[in-house]
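**Q** Just a sequence and a predicted model for now, questions to come.
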Amino acid sequence: MTSALPTVRLRFLLGRTSSAEKQSLAAKSPTVTFVPMEAIGERGELDVSGVRALEDVRTGYSVFKDGDVVVAKITPCFENGKGAVIRNTLSGIGFGTTELHVLTPGPELNSQFLYYITMSSEFRRRGAARMTGAAGQQRVPEDFIVDFPVIAFPLSQQQAIVRFLDQELARLDSLIAAKTRQIELISEKRKAVIATAVTRGIDVTAKMRDPGLLWLGKVPAHWKTERIRWLFRERDDRGEPELPLMEVSIANGVSVREFTGEKIESTAADFNTYKVARRNDIAFNKMRMWQGAVGVSPVDGLVSPDYVVAAARVQLLPDYFGFLFRTDAFSAECGRRSHGLTWDRLRIYWEEFREIKVPYPPIDEQRAIVDFITRETAKIDSVRAATERTIALLKERRSALIAAAVNGWIHMRLAA
């Protein structure tokens, strides 16, 4: 029975490798495995392909050997589950980031079982509550880990639990990976639906013509193409600090930002300098326009003085152009016209943006296209939301299995 098994602090099941032993192992090769934090996954993945000269890492780094378990100590890596069993290092030993707790299992503790203990939701929850240090630099103390209470399963039972978890988690991880791939395909389909609608229209019988624009391709023959400057003018209104602050992001376009009062005060000393974007204006981030940081303003609000705001000068539907400007093809054209020494410093200014030629369908078709996109993306988003819920449930199941196993709740099932 599980109740007959004692609960002990983890320290009584851990072993210890002396510094001399580690140095002796390391001395077998002039190069050693080096593991930075990014080489450690959130589900036990470990990349041991990195190597460094022994003399460069002999001091000032974490040291571990094959069979040890490493656990990230710093936030948010600890909460996210970064940790792994060390395997396949050069000469059986490696060095890595100092932001790791290194646990050496004793003779009565299976390495993989120890890893599963450190991955249990209870371990992570209680560890996060024990963190100390300044905000953003909080760490889990070593005494929490070594004093964590665990059930002292016999080694044979640990091995049975490990076999069970390895098999069940592999099955769940395969399902999660498949669902995650579905999310990627759904996102690609959504983008394709929008891109096709705003550049080809929704009438599949329409005759097409080539307007001679490399980024655009063929458009319906009755559509016009115009330079943006004939459709929009730059707006540079300021001095309305009472308006809500908005952000322009790659993921969500233009949206109202939410702050605490303290955060707003520290964000900008004078909102009088911020640009006003009226409802239905187009606003974009000059440094991220080539990545799709553009959208339609949902309300009258403020955007960064370094952003561009464009107001319609002719009859048009801003939402149509909001969709068009966020397509991959248009973003690439903005990138081609941007200035900067490196890719992460690229900027497109109004003077270049306004010269881009874009499709200009009749206003009734713009409305029909926007309505079509709204309907179709709602269906796609519903499927995506259902898939994301399934992934969340699978992850909950994964976490529950680990908790049940290391806490003995499935002990009798495995013993049968």
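**A** That came in fine, so what should we check first?
**Q** okay, now the domains of this structure?
**A** What automatic domain parsing lists as the domains of the chain is 2-152, 224-360.
**Q** Name the residues that touch stretch 135-148?
**A** With Cβ atoms under 8 Å, 6 or more residues apart in numbering as the contact definition, stretch 135-148 has outside contacts at 9-11, 14, 71, 73-75, 78, 99, 101, 103, 117-118, 123, 126-128, 130-133. Just so you know, the C-beta spots here come from the backbone N, C-alpha and C atoms, and that holds for glycine as well.
**Q** any chance of the domains of the chain in a markdown table, plus distance to residue 384?
**A** As requested, these are exported to a markdown table (distance: least, Cβ to Cβ, whole Å):
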| stretch | distance to residue 384 |
| --- | --- |
| domain 2-152 | 22 |
| domain 224-360 | 14 |
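**Q** before we move on, the earlier item: can you flag the buried ones in the contacts of stretch 135-148?
**A** 10, 14, 71, 73-75, 78, 99, 101, 103, 117-118, 123, 127, 131 (16 or more other Cβ atoms under 10 Å).
**Q** Show me which of those is closest to residue 153.
**A** Closest approach between the buried ones among the contacts of stretch 135-148 and residue 153, by Cβ to Cβ: residue 117, at 10.4 Å.
**Q** Heading C-terminal from the helix or strand hosting that closest one, find the next helix or strand.
**A** In this structure, residue 117 sits in helix 111-119 according to DSSP states H and E. Sequence-wise, the next helix or strand downstream of helix 111-119 (DSSP H and E) is helix 121-129.
**Q** which other residues reach that following helix?
**A** Applying Cβ under 8 Å, 6+ apart, the set of residues contacting helix 121-129 is 75, 78-79, 81, 117, 140, 144-145, 148, 399, 402-403, 407.
**Q** Apply 6 Å and report the result again.
**A** 79, 140, 144, 399, 403 (Cβ atoms under 6 Å, 6 or more residues apart in numbering).
**Q** neighbours of the closest residue to the fourth one other than its chain neighbours, just the number please.
**A** Yep, that's residue 399 we're talking about. Once flanking residues are discounted, residue 399 sits nearest to residue 121: 5.0 Å by Cβ to Cβ, 6 or more residues apart in numbering. By other Cβ atoms under 10 Å, 13 other residues sit near residue 121.
**Q** mind checking pLDDT for residue 121?
**A** pLDDT recorded at residue 121 is 92.
**Q** ditto for residue 415
**A** Confidence score, pLDDT, at residue 415: 50.
**Q** Please flag which of the buried ones among the contacts of stretch 135-148 sit within strands.
**A** 71, 101, 103 (DSSP state E).
**Q** How about the second one, nearest residue that isn't a chain neighbour?
**A** If the residues on either side of it in the chain are set aside, residue 101 comes closest to residue 71, at 4.6 Å by Cβ to Cβ, 6+ apart.
**Q** what's the one you found in contact with, if anything?
**A** By Cβ under 6 Å, 6+ apart, the neighbours of residue 71 are 83, 101, 118.
**Q** Turn those residues into JSON lines, including pLDDT.
**A** As requested, these are exported to JSON lines (pLDDT from 0 to 100):
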{"residue": "83", "pLDDT": "96"}
{"residue": "101", "pLDDT": "96"}
{"residue": "118", "pLDDT": "96"}
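**Q** Am I right that residue 88 is in contact with residue 48?
**A** Yes - with contact defined as Cβ atoms under 6 Å, residue 88 and residue 48 form a contacting pair (5.4 Å).
**Q** quick one: which of these two has more around it?
**A** Legend: neighbour count by other Cβ under 10 Å for residue 88 and residue 48, higher for residue 48 (18 against 11).
**Q** looking at this, the more buried one is in a strand?
**A** No - counting by DSSP: H, G, I helix; E, B strand; the rest coil, residue 48 is not found in a strand; it is coil.
**Q** for the closest residue to it other than its chain neighbours, helix, strand, or coil?
**A** Excluding the flanking residues, the one nearest residue 48 by Cβ to Cβ, 6+ apart is residue 33, at 5.0 Å. On the three-state scheme (three-state DSSP), residue 33 is labelled strand.
**Q** quick one, helices of the stretch 301-416 of the chain?
**A** 318-325, 328-336, 350-353, 363-406, 411-415 (DSSP state H, counting those that start in this stretch).
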